[in-house]
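Colleague: The sequence isn't on hand, but the structure is:
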């Protein structure tokens, strides 16, 4: 079954397309200059001078879109010439414009009664009957129009659409198929048949009709948009992109095309499509913001800044734009301007906490930690129940290696927020950093008690045991669960691999580690682990490559790790040592092997 959202969106394409049929026949055409025949009351309708005068005054008011005043003059004209088909037709349009549909129907019927063979009047009656939801009556009028004017395609199309509204989709399809055969160069019959196919969930047939529509008329925006939405519904982004790219013209499809390109990480193409869309829809706020973000992602910082500054000039209260402009200034290392923008985000914004965190981390980035601590203290005083601000303050203390002060802040936060998960994890990680392993393990176990599905805490416990070669079955169970919660997490994949290795399942360990290296290719510990496992497997060249990669990644970040890896490389480069020392571990001996590596 189709989602209700999808049906609504696709139906909207068809609703908008109604202009293709009726735009030239709006109920009120006051801005068009009248033809000679319409501009005066004809001889058959009487030549009463007063009626003529009132009619002309009504036309002037219609031109000014003053419908109520126009109605007064038309009603006066009708009193002088009540049988006038033309006047009844005109007043019907005005009644329809102001929403008095019952009166519009009565007047339109009088026009048809006076001149039953005039197509214009029957079309007008059909339109007001449709607006009044008298679909059967409207259909009868369109049938009569076709009898009077067999080549009238508009009436033929609307007969089919009314058949569908009346619940006879098969009859509608039959009518549209006939029209498509009779008018092969006009895609409207195919388009409306596609609408019915979509409603009946005959999506392949709908696609075929819509494909023909845009082949015949690439500027048929509504058909192309409907087809693109069908492909989006089927999660076929490539086909949706193909269709949207083929449409000649402008419309919301350009925005959808841009977002599809973003999904495909084709940011330059997304930028081009969204820029075209903005040219036709300059007031679309979300599109303008997204354009700024695209420029930011493409490192066009000056253009991003220009976009965001322009939005803020027009809408100074846009919290999200202040936030994004702060990003731009931060990327350009314009620290004071970044701080200023982050701090402009108001407390009622969903971005408030994140903005304050960014402001705090800017203080840390520019070595103004003392100011950052004062700022975080002020935030905690105002927003005692917000765990993010305790996290910020503890992080600032941590950056100064003031671990006890950081722990104190975290403890205050945990008391105030009733064991917030983020603060519990931070406290456990801080214990680990301080070398308090048992405290770290206890804290992570407490976190798992609070939330049994906390993947990072499960991973911490699993790796803790794996590093020590203890409780490997429990470690594997926790790592497996963590990976099921976060299937593409490279660190958890590495943990499970390390457990496999410690259990002597070397081939399984290699498979997992190679996958982890693909997910997080910038992480030195993964490549060190790969080197360890390749060494045990006697795959010397692979081990050396992995170790050297690990050392290059760790260089400048962790000199102790670099030295450790270099010693492993040195061992592998001495053949005699290799032959004596390197072997595949058994299940019994593996727990004590390769225990040098630390995350």
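Modeller: Thanks, I have it. All values derive from a computational prediction rather than experimental measurement.

Colleague: and residue 220, how many neighbours?
Modeller: Applying other CB atoms under 10 Å, we find 24 residues neighbouring residue 220. The way it works is simple: take the backbone N, C-alpha and C, and place the C-beta from them, glycine included.

Colleague: and it, what does it touch?
Modeller: Applying CB atoms under 8 Å, 6 or more residues apart in numbering to residue 220 gives the contacts 187, 191, 213, 214, 247.

Colleague: could you measure it against residue 190, distance?
Modeller: 10 Å (CB to CB, to the nearest Å).

Colleague: do residue 162 as well
Modeller: Distance of residue 162 to residue 190, computed by CB to CB: 18 Å.

Colleague: before we move on, the earlier item: for the contacts of residue 220, pick the one with the most neighbours.
Modeller: Of these, with other CB under 10 Å as the count, residue 191 tops at 27 neighbours.

Colleague: and the protein, what are its domains?
Modeller: 253-282, 464-592 (automatic domain parsing).

Colleague: By mean pLDDT, show me the worst of these.
Modeller: Lowest mean pLDDT within those: domain 464-592, at a mean of 88.

Colleague: And that one, how far out from the chain middle?
Modeller: Centroid separation for domain 464-592 versus its chain: 39 Å, with CA atoms, centre = their mean, to the nearest Å.

Colleague: go on, stretch 226-237?
Modeller: Relative to the chain's own centre, stretch 226-237 is displaced by 14 Å; criterion: CA atoms, centre = their mean.

Colleague: and what of stretch 75-86?
Modeller: Distance, centroid of stretch 75-86 to centroid of chain: 56 Å (CA atoms, centre = their mean).

Colleague: quick one: terminal-to-terminal distance for stretch 308-322?
Modeller: By CA to CA, to the nearest Å, the extent of stretch 308-322 from end to end equals 8 Å.

Colleague: Distance from the chain centre to that stretch, please.
Modeller: Computed by CA atoms, centre = their mean, the separation of stretch 308-322 from the middle of its chain amounts to 21 Å.

Colleague: List of residues touching it?
Modeller: With contact meaning CB under 8 Å, 6+ apart, stretch 308-322 is reached by 285, 288-289, 292, 324-325, 328, 341-342, 344-346, 349, 351-352, 355.

Colleague: wait, which of those residues is closest to residue 573?
Modeller: Residue 573 lies nearest to residue 328 out of these, by CB to CB, at 48.3 Å.

Colleague: In this structure that closest one contacts residue 305, no?
Modeller: Yes - the criterion here is CB atoms under 8 Å, and residue 328 meets it with residue 305 at 4.9 Å.

Colleague: Between these two, point out the one with more neighbours.
Modeller: It is residue 328, of residue 328 and residue 305, that has more neighbours when counted by other CB under 10 Å, with 26 against 21.

Colleague: how far is the helix or strand harbouring the more buried one from where the chain is centred?
Modeller: Element membership for residue 328, per DSSP states H and E: helix 319-331. Relative to its chain's centre, helix 319-331 lies at 20 Å (CA atoms, centre = their mean).

Colleague: Show me which positions of that helix end up buried.
Modeller: 319, 320, 321, 322, 323, 324, 325, 326, 327, 328, 329, 330 (16 or more other CB atoms under 10 Å).

Colleague: Please apply the same query to stretch 474-487.
Modeller: Across stretch 474-487, burial judged by 16+ other CB under 10 Å covers 475, 476, 478, 479, 480, 481, 482, 483.

Colleague: With respect to residue 128, which of those residues is nearest?
Modeller: Checking these against residue 128 with CB to CB, the nearest one is residue 483 at 64.8 Å.

Colleague: quick one, what contacts the closest one?
Modeller: By CB under 8 Å, 6+ apart, the contact set of residue 483 is 455, 489, 492, 493, 496.

Colleague: So the second one sits against residue 526, correct?
Modeller: Spelled out, it's residue 489. No - using CB under 8 Å, residue 489 is not in contact with residue 526, being 11.9 Å away.

Colleague: neighbour count winner among the two?
Modeller: Neighbour totals were compared for residue 489 and residue 526, and residue 526 leads with 30 against 18 (other CB under 10 Å).

Colleague: how far away is that one from residue 546?
Modeller: The value you get for residue 526 to residue 546, if CB to CB is used, is 9 Å.

Colleague: can you check residue 448 too?
Modeller: Using CB to CB, we find residue 448 at a distance of 32 Å from residue 546.

Colleague: what's the answer for residue 503, then?
Modeller: For residue 503, the distance to residue 546 equals 21 Å [CB to CB].

Colleague: more crowded one of the two?
Modeller: residue 546 (26 against 20).

Colleague: How many residues are close by residue 560?
Modeller: Neighbourhood size, residue 560 [other CB under 10 Å]: 9.

Colleague: Use 17 as the first number for this chain going forward.
Modeller: Fine by me, first position is 17 from now on; the one you just mentioned is residue 576.

Colleague: Going by secondary structure, it is in what exactly?
Modeller: Counting by DSSP H and E, residue 576 is part of helix 575-588.

Colleague: Now do the buried residues in that helix.
Modeller: Neighbour count says helix 575-588 has 577, 578, 580, 581, 584, 588 buried, by 16+ other CB under 10 Å.

Colleague: Quick check: the two most widely separated of those?
Modeller: Maximum pairwise distance in the buried residues of helix 575-588, criterion CB to CB, is 16.8 Å, between 577 and 588.

Colleague: State the three-state secondary structure for the residue nearest the centre of the chain.
Modeller: Centroid-nearest residue in the chain: residue 275, 6.7 Å away (criterion: CA atoms, centre = their mean). What DSSP: H, G, I helix; E, B strand; the rest coil gives for residue 275 is helix.

Colleague: Let me see the contact set for it.
Modeller: Residue 275 neighbours (CB under 8 Å, 6+ apart): residue 286.

Colleague: quick one: it from residue 360, how far?
Modeller: Counting by CB to CB, the gap from residue 275 to residue 360 is 28 Å.

Colleague: For residue 221, the count of nearby residues, please.
Modeller: 15.

Colleague: same question, residue 356
Modeller: Residue 356: 15 surrounding residues under other CB under 10 Å.

Colleague: same question, the one 5 residues further on
Modeller: By the measure other CB under 10 Å, the count of residues near residue 361 is 24.
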